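A.B. asks: need coordinates for the below:
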Amino acid sequence: MSDKNDLAEDRTDWAEDRTILANERTFAGWMRTGMAAVAVAIGLRAVFREFEPTWVAKAVSSVFIAAALYVYWAAQASAADTQKRLSDHHANAQPNGRLKTLAIILAVASAGVGVILWML
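C.D. replies: Now for the predicted structure:
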């Protein structure tokens, strides 16, 4: 009976490790989504450069920047919550601080893009 319990525990540990890795992939996917929103903001500003009044194009671009900031925050919060519930066994999970740092860097850079778009 002990062998069956050991195998069941191994399978549970492996499943938890897969979930940790899936959580990191999901976080990365959300970071890409946020960066895509910033790219759309830049693209809108470029496409509507001659649009009058210019504040309309800037405002729409700002909505995409705001969406990117929200995506970064939500992705980091969700990844951290999931990570807290799991224990890594064989997989080495990224520390929550590293995920938060990445989200902060991307948020600051995206906000900077928004400021630059308004200055153009």
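A.B. asks: in which helix or strand does residue 78 reside?
C.D. replies: Using DSSP states H and E, residue 78 falls within helix 54-85.
A.B. asks: distance from that helix to the middle of the chain?
C.D. replies: Here helix 54-85 is found 8 Å from its chain centre; the criterion is Cα atoms, centre = their mean, to the nearest Å.
A.B. asks: elements contacting that helix?
C.D. replies: helix 2-47, helix 96-119 (3 or more Cβ pairs under 8 Å, 6 or more residues apart in numbering; DSSP states H and E). (Each C-beta comes from the backbone N, C-alpha and C, glycine too.)
A.B. asks: which one of the ones you listed lies closest to residue 78?
C.D. replies: helix 2-47 (7.7 Å; Cβ to Cβ).
A.B. asks: so for the closest one, mean pLDDT?
C.D. replies: Average pLDDT, helix 2-47: 85.
A.B. asks: elements contacting it?
C.D. replies: Using 3+ Cβ pairs under 8 Å, 6+ apart, the elements in contact with helix 2-47 are helix 54-85, helix 96-119.
A.B. asks: can I get these in CSV with mean neighbour count, distance to residue 20 and mean pLDDT?
C.D. replies: Shown next, in CSV, are the helices and strands packed on helix 2-47 (neighbours: other Cβ atoms under 10 Å; distance: least, Cβ to Cβ, whole Å; pLDDT from 0 to 100):
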stretch, mean neighbour count, distance to residue 20, mean pLDDT
helix 54-85, 17, 7, 92
helix 96-119, 15, 12, 94
